[in-house]
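K.L.:
Build me a model:
(one chain, ligands or ions: 1)
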Amino acid sequence: MYRPVDESIVRRLTEIAGPKAVFSDKETLDIYSRDETLGLSHRPEIVAKPATSKEILEIVHLADLENIPLTPRGKGTGLSGGAIPVCGGIVLSCERMEKILDIDHENLMVITEPGIITGELQKAVESESLFYPPDPASLASCSVGGNVAEGAGGSRAVKYGTTKDYVNGLEVVLPSGEMTSTGGKVVKDVTGYNLTQLITGSEGTMAVVTQIILRLIPLPKLRKDFLIPYRSIDQATQTVSEIIRNRIVPTAIEFMERNSFELAESFTKHKLAFRDAAAHLLITLDGNYEEVLEEQQSQIGEICEKNGAFDTLIANTSTARERMWEGRKCLFEAANHFGSMYKSLDVVVPRSFIPTLIKKINEISEKYMIKAMSFGHAGDGNVHVLLFKGELSDEEWERRIDQTQRDLYRETINLGGKITAEHGIGLLRKPFLSMNLDPYQIELLKRLKKAFDPKNILNPGKIFDLP
Ligand SMILES: Cc1cc2nc3c(=O)[nH]c(=O)nc-3n(C[C@H](O)[C@H](O)[C@H](O)COP(=O)(O)OP(=O)(O)OC[C@H]3O[C@@H](n4cnc5c(N)ncnc54)[C@H](O)[C@@H]3O)c2cc1C
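P.N.:
Coordinates of the predicted model:
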């Protein structure tokens, strides 16, 4: 189907990006054959690391002309296999494109290249009293381009929304080798279809993002974080529902079951307070007025107490805050570190159904006798579930895991939910897409993909199977 990468293609890529930006050695190809998705890999034929939009344009043009598959890549932290080049070809890494081009105080926007690490962009705008709220737990290592491509979320979605709510404009290279810009610095824009939002979350299958305009907001002056332990998961999830019902919208409400914080403890070697707890909530409040925060804090405190919380631990300094959150943020890394085989789910339900969803997860885990660990963004309805192979034989695991996932997805969908909230379909969730979207929608999505990429050279094999 596709042309293999031969000497003449290597020569052309080297002419475009320079000899130090093109790699075909085994070690590099191995690194770029994976992302953070467990158990999936495929080697590219070559890796190119362009430094400018113009170089990207020329590389995509070459891939189009010669019919070579091309997989864009940010920092490779994806959790659905999106950056794995399943058809070989070229991996186009944006990691060298990490400049912030403009922080615009008058329009409250930042223009950036895609390869910048999300946490670095946040620090840069915060040093100018501006705020870019999306905060995936991987923010110290993922790129803004990867966040745009995945529509990444994070814990602050409860109050501030996700990446898509901040993408105001894009410069992109289309698979046909043309460059165009969508949106801009304008606050309002209904000029034609909203291509900015169509490309955001398209998992690198519609266009290569070469520049991004992000909306900023003023940096809140105050922040408080709380760790709240509970005797039962039910008490913790009921608290979440009650907080929202009481019209309090914290910045973040995260939860961890006991087996999650035990895993975090073994990884970080830091003991959590209240080790007897069955679940913990982590709550963040932010704002500009101490009285408002205090009022919210006391309302939340009452709700927590009423629902059986042991206590409330408060972090007021950045060091205490980091310590409080490190357990929650390290969980994927910790699961990978201990080498256990698992499948990771990223389901989302309307947030009022969080208690029901957690019950269903535990029932299904018992039914199939597969150990489940749940944690995540309770405040926005998004739960990450790790299903562990444990001592099961390979055959037994294969037999049970598909059914376990299907049951879990069915329950999620029955509650009005979706099979992925922030990690994307990629390779991992392709087999389950038709459970969540009807055939008409899937057909429409495929037609959109074809309109952008008629030769299917851009990140082929993702979201949909190869034709
Ligand atoms: C420990 C850990 C915690 C995480 N926590 C969260 C979380 O809280 N919330 C969340 O949403 N995700 C989370 N993730 C998943 C991951 O970090 C995000 O999906 C992130 O957006 C990926 O960014 P990246 O730069 O690593 O992209 P990559 O993994 O390199 O690529 C991801 C996708 O984006 C495409 N892509 C990358 N750059 C471009 C570009 N310039 N143009 C077009 N397409 C492009 C790729 O083709 C691929 O499909 C976590 C991952 C880990 C390992």
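K.L.:
Can you pull out the residues in contact with the helix-or-strand element of the chain with minimal mean pLDDT?
P.N.:
Counting by mean pLDDT, DSSP states H and E, the chain has its least confident helix or strand at helix 331-337, which shows a mean of 87. The set of residues external to helix 331-337 that reach it, using Cβ atoms under 8 Å, 6 or more residues apart in numbering, is 36, 38, 79, 137-138, 256, 260, 263-264, 266-268, 342, 344, 373, 375, 384, 386. Every C-beta, even on glycine, is put in place using the N, C-alpha and C of the backbone.
K.L.:
Go ahead and produce CSV holding the CA coordinates of whatever helix or strand comes next after it.
P.N.:
Later in the chain than helix 331-337, the nearest helix or strand by DSSP states H and E is strand 342-348. This file holds the C-alpha atoms of strand 342-348, laid out as CSV (Å, rounded to 0.1, in the frame of the first residue of the first chain):
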residue,chain,number,x,y,z
TYR,A,342,-2.8,-4.1,32.9
LYS,A,343,-5.4,-2.4,30.7
SER,A,344,-6.3,1.2,31.3
LEU,A,345,-9.8,2.6,30.9
ASP,A,346,-10.7,6.3,30.7
VAL,A,347,-14.4,6.3,31.1
VAL,A,348,-16.6,9.3,31.8
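K.L.:
Show me what strand 342-348 is in contact with.
P.N.:
Surrounding strand 342-348, the residues in contact under the criterion Cβ under 8 Å, 6+ apart are 37-38, 79-80, 332, 335, 357, 380-389, 401, 405, 408-409, 412, 417-423, 428.
K.L.:
Can you list which of those residues are found in helices?
P.N.:
Cross-referencing the contacts of strand 342-348 against helices under DSSP state H gives Phe332, Ala335, Leu357, Ile401, Gln405, Leu408, Tyr409, Thr412.
K.L.:
what's the burial count for the third one?
P.N.:
Other residues within reach of Leu357 by the criterion other Cβ atoms under 10 Å amount to 25.
K.L.:
Mind giving me the packing neighbours of the one helix or strand Glu395 maps to?
P.N.:
When secondary structure is defined using DSSP H and E, the element that contains Glu395 is helix 394-414. Applying 3 or more Cβ pairs under 8 Å, 6 or more residues apart in numbering; DSSP states H and E, we find helix 394-414 packed against strand 342-348, helix 354-368, strand 382-388, helix 433-436.
K.L.:
want to try TSV for these, with distance to Gly161 and mean pLDDT as columns?
P.N.:
Formatted as TSV, the entries for the helices and strands packed on helix 394-414 read as follows, by distance: least, Cβ to Cβ, whole Å; pLDDT from 0 to 100:
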stretch	distance to Gly161	mean pLDDT
strand 342-348	14	95
helix 354-368	18	95
strand 382-388	13	95
helix 433-436	21	98
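K.L.:
Name the residues of the stretch 51-200 of the chain found near the ligand, please.
P.N.:
71-79, 82-83, 94, 114, 136-138, 142-143, 145-147, 149-150, 152-154 (Cβ under 6 Å from any ligand atom).
K.L.:
The nearest residue to Ala372 once chain neighbours are set aside: how many residues sit nearby?
P.N.:
Distance criterion Cβ to Cβ, 6 or more residues apart in numbering; nearest residue to Ala372, sequence neighbours excluded, is Ser365 at 3.7 Å. Ser365 sits with 20 neighbouring residues when counted by other Cβ under 10 Å.
K.L.:
Over to the one 3 residues further on?
P.N.:
A count of nearby residues for Tyr368, using other Cβ under 10 Å, gives 17.
K.L.:
Let the chain start at 130 from now.
P.N.:
Yes, from this point I'll number from 130; that puts the last item at Tyr497.
K.L.:
Hmm, it is touching Gln534, no?
P.N.:
No. Under the criterion of Cβ atoms under 8 Å, Tyr497 makes no contact with Gln534, lying 9.8 Å away.
K.L.:
Tell me the buried residues in stretch 439-457?
P.N.:
Within stretch 439-457, the residues that qualify as buried by neighbour count (16 or more other Cβ atoms under 10 Å) are Phe439, Thr441, Leu442, Ala444, Arg450, Arg452, Met453, Trp454, Gly456, Arg457.
K.L.:
Now do the closest residue to Gly437 other than its chain neighbours against the ligand, distance only.
P.N.:
Nearest residue to Gly437, sequence neighbours excluded (Cβ to Cβ, 6+ apart): Gln364, at 4.3 Å. In this structure, Gln364 lies at 25 Å from the ligand, with Cβ to the nearest ligand atom, to the nearest Å as the measure.
K.L.:
pretty sure Gln364 is touching Glu434, no?
P.N.:
No. The pair Gln364 and Glu434 does not pass the contact test of Cβ under 8 Å, sitting 10.7 Å apart.
K.L.:
of these two, who's got more company?
P.N.:
The residue with the greater number of neighbours, taking Gln364 and Glu434 and applying other Cβ under 10 Å, is Gln364; the counts read 22 against 14.
K.L.:
Secondary structure element for that one, which one?
P.N.:
Here Gln364 is covered by helix 362-374, with elements defined by DSSP H and E.
K.L.:
What residues sit buried inside that helix?
P.N.:
Along helix 362-374, these residues count as buried under the neighbour rule (16+ other Cβ under 10 Å): Ile362, Asp363, Gln364, Ala365, Thr366, Gln367, Thr368, Val369, Ser370, Glu371, Ile372, Ile373.
K.L.:
Give me every residue in the stretch 330-479 of the chain lying close to the ligand.
P.N.:
Close to the ligand, as judged by Cβ under 6 Å from any ligand atom, the stretch 330-479 of the chain has residues Glu332, Gly333, Val337, Val338, Phe461, Glu462.
K.L.:
of all of the stretch 480-596 of the chain, which residue lies closest to the ligand?
P.N.:
When you check the stretch 480-596 of the chain against the ligand by Cβ to the nearest ligand atom, the closest residue turns out to be Glu551, at 3.3 Å.
K.L.:
Compute the number of surrounding residues for that residue.
P.N.:
If we define neighbours as other Cβ under 10 Å, then Glu551 has 25 of them.
K.L.:
ditto for the one 3 residues further on
P.N.:
Using other Cβ under 10 Å, Ile554 has 23 neighbouring residues.
K.L.:
Give the helix, strand or coil label for the closest residue to it other than its chain neighbours.
P.N.:
Nearest in space to Ile554, with sequence neighbours left out and distances taken as Cβ to Cβ, 6+ apart, is Ile592 at 4.7 Å. Secondary structure for Ile592, judged by DSSP: H, G, I helix; E, B strand; the rest coil, is coil.
K.L.:
dump the residue contacts of Ile592.
P.N.:
Residues in contact with Ile592, defined by Cβ under 8 Å, 6+ apart, are Glu332, Thr334, Ile554, Gly555, Lys559, Leu562, Leu574, Lys578.
K.L.:
on that earlier part again, the inter-axis angle of the helix holding Glu524 versus strand 471-477?
P.N.:
0 degrees (axes from the mean of the first three to the mean of the last three Cα atoms, to 10 degrees).
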